[in-house]
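Based on what follows, work out the 3D shape:
(chains A and B)
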Amino acid sequence: MSEAPLILLLEDEPEIRRFVRNAIEREGMRCHEAEGLQQGLAQCADAPPDLVILDLGLPDGSGLDFIREFRLWSQRPVLVLSARSAEQDKIAALDLGADDFLVKPFAVGELQARMRALLRRAERGVADSATCHFGDVKVDMARHEVTRAGLPVHLTALEFRLLAVLVANAGKVMTHRHLLREVWGPGHAEDSHYLRVYVGHLRQKLEADPALPRHLITEIGIGYRFVP
Amino acid sequence: MLVVSLLISHLSNAYRDKAIESERRAGEARLLQALAQLLSGALTHEHAAALIYDFMQSRVGVESTLFLVDRNERLHAIGKSAINQVELAAAQGIYASGVATGAVAELHADVATVLLPLGTATRRRGVLAVYVGGADERPEQTLLTAIAALLATAVERIHFVEVAQATELESASVRLRNSILAAISHDIRTPLTVLFGLADQIALGDASSESARALRDQAYRLHRMVDNLLDMARLKSGHVSLRRDWQAVPEIVAASVQSIAPVLAEHPLHLDWPADLPLLRVDALLMERVFCNLLENAAKYSPVGKPITVGADWDADSVRIHIDNAGAGFPPDRLPHVFGMFERGEAESVIPGVGMGLSICRTIVEAHGGSIEASNRSGGARVCISLPREPQPAVPAESEVGHV
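Numbering: from 1, shown residues only, chains lettered A, B, ... in the order given. All right, here's what the predicted structure looks like:
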């Protein structure tokens, strides 16, 4: 990318806009601001953003509408800001195509790290490498082989499939429904106990401390996220 | 001689009449004394009515009806179902006329009725209707007015008992609200004061990163406090609908640890999960709040560097999770009250935070049909949560599951 990334910030609170803009510009990125749905869409038409930061708590409830509209023509990453307790809103946003969320109040450093990770993922595109390394684990996606500290680890077919989906979406929050549909099929979207058991198995096999995982992270009430 | 005997006879008659009169008055006085004593035991208007009806019937030989006034200045008969509308209208008229005591009105209905206003120095309270026509011997007017006066005093006393009770209830709830406000006001004011001071310092040019860090930490503390307050308000408002789903306790605890990492930074954490700990059908977000509060509490009340241990055990009926710290333990006399609202081990806020964390834990755990207990062990405090274990959902063995 020749130019600095362009971030669209959709936020109605001026004070929040101010410090988020500040954080964006300190990263050497450019920032366009919008206060609501219409303004946001107009900005997109003028200058398509490389990443959107969207406050789900927009007064007219139009945060989800924006994602729907945006996803009609763009696959660029969307990071939503929301309150802790609004987990249904977050799930809806993620299911509509948002990539990640931050709970308010959030640390500036965290915001910048998430933006960077999302932009990196977007640049890498679909041509992911066939192998993935995390901790002392190496995953060969093509050969369906997993080793840990050089020694082979046996994963069942479903365990591997679950790991593969998470790894393929590294850094992104995967909702329970999405994971269940991808791994077990559309009829299993409500069987969250499958996830508890299978993620538990993966952690036992692959995490240094399964009780405090560093790679297979729980986003409580929402889903899971793989962090390499 | 005749004159003397006539005189003596007249005098004796006069004395006899006086003696009879004294006797009658003494009888009246005893009657009134008995009535006063009876009425002093009445705590409700209904009770007073029952007492007066009985008294009038048995001691004075007449039926009666007690009318008392409501908030809208309308009279109502107490303890009587069938009311003569003419009588009610007349009573209302007497009441409205503003006459308080003493005067009496006569109603010439089927039964000759006397209407006695009931009032005291402060205000009128109602009317007593006495059906004198039904008596063998019509009671003396003075007796009736004296009875009315006693009854009025009793009614007034009862009125003030009710006012006092209502005031007591209201004041208990006002006291609770005030103590909540006071606790919030005090506990929130501290980080707010610090926040303002630090920010002011920075605004005036002293922009050290140390001040900024301190500012951020205070804001974080305030944020946690507000979270607790909001959760508590929501829970107490009765609008808790649990979003139950199958959850793994170790996962919820890990999420809590993630969430309050800065608070736990200075305490080594030991997580001791048994293999095959059953899944629980709980509200993940609420249980995460429980563990955040318990871990934060464990950290708050134990010296830096001391470990916090989380473990669990289970049987067919329940799953129990305990959190232990290595601190001074709960003050023994406060142990039964530890989960009450605004409970704090130490009276003064050396350790910051509104004492609501544990109370919220109890509310959430109990909403799940579980229980929570605090105890002291050698070397520290323990909080133990017990949640009911349900039959585990089936996870099909792999060869059975269909592929996409």
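
now B:Leu358: how far from B:Ser378?
B:Leu358 sits 22 Å away from B:Ser378 when distances are taken as C-beta to C-beta, to the nearest Å. C-betas here are computed from N, CA, C, even on glycine.

Pick out whichever of the two has more residues nearby.
B:Leu358 (23 against 5; other C-beta atoms under 10 Å in any protein chain shown).

And for residue 86, the neighbour number?
Unless you meant another one, I'm taking chain A. 17.

nope, chain B
So B:Val86, with other C-beta under 10 Å, has 12 neighbours.

And the pLDDT at it?
The score at B:Val86 is 84. That number is its pLDDT.

next one: A:Arg84
With respect to pLDDT, A:Arg84 has a value of 71.

and the helix or strand where B:Val257 lies, does that touch chain A?
Element membership for B:Val257, per DSSP states H and E: helix B:249-259. Yes - counting by C-beta under 8 Å from any C-beta of the partner chain, chain A is contacted by helix B:249-259 at B:Pro250, B:Glu251, B:Ile252, B:Val253, B:Ala254, B:Ala255, B:Val257, B:Gln258, B:Ser259.

Looking at the residues you listed, which is nearest A:Gln88?
Nearest to A:Gln88 among those is B:Ala255, at 17.6 Å by C-beta to C-beta.

pretty sure that closest one is touching B:Glu288, no?
Yes - applying C-beta atoms under 8 Å, one finds B:Ala255 in contact with B:Glu288, separated by 5.3 Å.

what sits in contact with each of these two?
Residues touching both B:Ala255 and B:Glu288 (C-beta atoms under 8 Å, 6 or more residues apart in numbering or on different chains) are A:Ile220.

More neighbours: these two, which one.
Neighbour totals were compared for B:Ala255 and B:Glu288, and B:Glu288 leads with 25 against 21 (other C-beta under 10 Å).

give me every residue that touches that one.
Contacts of B:Glu288 by C-beta under 8 Å, 6+ apart are A:Ile220, A:Gly221, B:Ile252, B:Ala255, B:Ser256, B:Ser259.

Repeat the analysis, applying 7 Å as the threshold.
A:Ile220, B:Ile252, B:Ala255, B:Ser256, B:Ser259 (C-beta atoms under 7 Å, 6 or more residues apart in numbering or on different chains).

farthest-separated two in those residues?
Pairwise across the contacts of B:Glu288, and taking C-beta to C-beta, the largest span is found between B:Ile252 and B:Ser259, at 10.4 Å.

quick one: which of these two has more around it?
B:Ile252 (26 against 20).

Confirm for me that that one is in contact with B:Cys292.
No - here B:Ile252 lies out of contact with B:Cys292, judged by C-beta atoms under 7 Å, at a distance of 9.9 Å.

For the longest helix belonging to chain A, which helices and strands make contact with it?
Looking across chain A with DSSP state H, the single longest helix is helix A:108-124. Counting contacts by 3 or more C-beta pairs under 7 Å, 6 or more residues apart in numbering or on different chains; DSSP states H and E, helix A:108-124 packs against helix A:14-26, strand A:51-55, strand A:78-82, strand A:100-103.

Relative to chain A, how far out is B:Arg362?
Distance, B:Arg362 to chain A, using C-beta to the nearest C-beta, to the nearest Å: 20 Å.

Which strand or helix spans that residue?
Residue-wise, B:Arg362 maps onto helix B:357-367 under DSSP H and E.

Would you mind listing what in chain A touches chain B?
Proximity of chain A to chain B, by C-beta under 7 Å from any C-beta of the partner chain, involves residues A:84-85, A:87, A:105, A:156-158, A:184-185, A:192-194, A:196-197, A:200, A:211-213, A:218, A:220-221.

contacting residues around A:Leu119?
A:Pro5, A:Asp50, A:Leu51.

Skipping its backbone neighbours, what lies nearest the most centrally placed residue in chain A in space?
Chain A has A:Lys172 as the residue nearest its centroid, 2.4 Å off, counting by C-alpha atoms, centre = their mean. Using C-beta to C-beta, 6 or more residues apart in numbering or on different chains and skipping residues adjacent in sequence, the residue nearest A:Lys172 is A:Asp99, 5.1 Å away.

ok, which stretches of chain B are helices?
B:2-40, B:45-55, B:85-96, B:141-203, B:209-236, B:249-259, B:261-264, B:284-300, B:357-367.

Give me the pLDDT for the residue lying farthest from the centre of chain A.
What lies farthest from the middle of chain A is A:Leu151; by C-alpha atoms, centre = their mean that is 30.5 Å. Among the per-residue scores, A:Leu151 holds a pLDDT of 93.

that older thread, could the contacts of B:Glu288 go into a markdown table alongside pLDDT?
Shown next, in a markdown table, are those (pLDDT from 0 to 100):
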| residue | pLDDT |
| --- | --- |
| A:Ile220 | 92 |
| B:Ile252 | 97 |
| B:Ala255 | 95 |
| B:Ser256 | 95 |
| B:Ser259 | 87 |
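
one step back: which strands and helices lie in contact with the following helix or strand past the longest helix of chain A?
Using DSSP H and E, the helix or strand that follows helix A:108-124 in sequence is strand A:131-134. Helices and strands touching strand A:131-134, as assessed by 3+ C-beta pairs under 7 Å, 6+ apart, comprise strand A:137-140.

mind listing what the strand it packs on pairs with, with the direction of each?
Counting by DSSP bridges, the strands paired with strand A:137-140 are strand A:131-134 (antiparallel), strand A:145-148 (antiparallel).

can you put those strands in a markdown table and add mean neighbour count, mean pLDDT and distance to B:Arg59?
As requested, those are exported to a markdown table (neighbours: other C-beta atoms under 10 Å in any protein chain shown; pLDDT from 0 to 100; distance: least, C-beta to C-beta, whole Å):
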| stretch | mean neighbour count | mean pLDDT | distance to B:Arg59 |
| --- | --- | --- | --- |
| strand A:131-134 | 15 | 90 | 97 |
| strand A:145-148 | 16 | 94 | 100 |
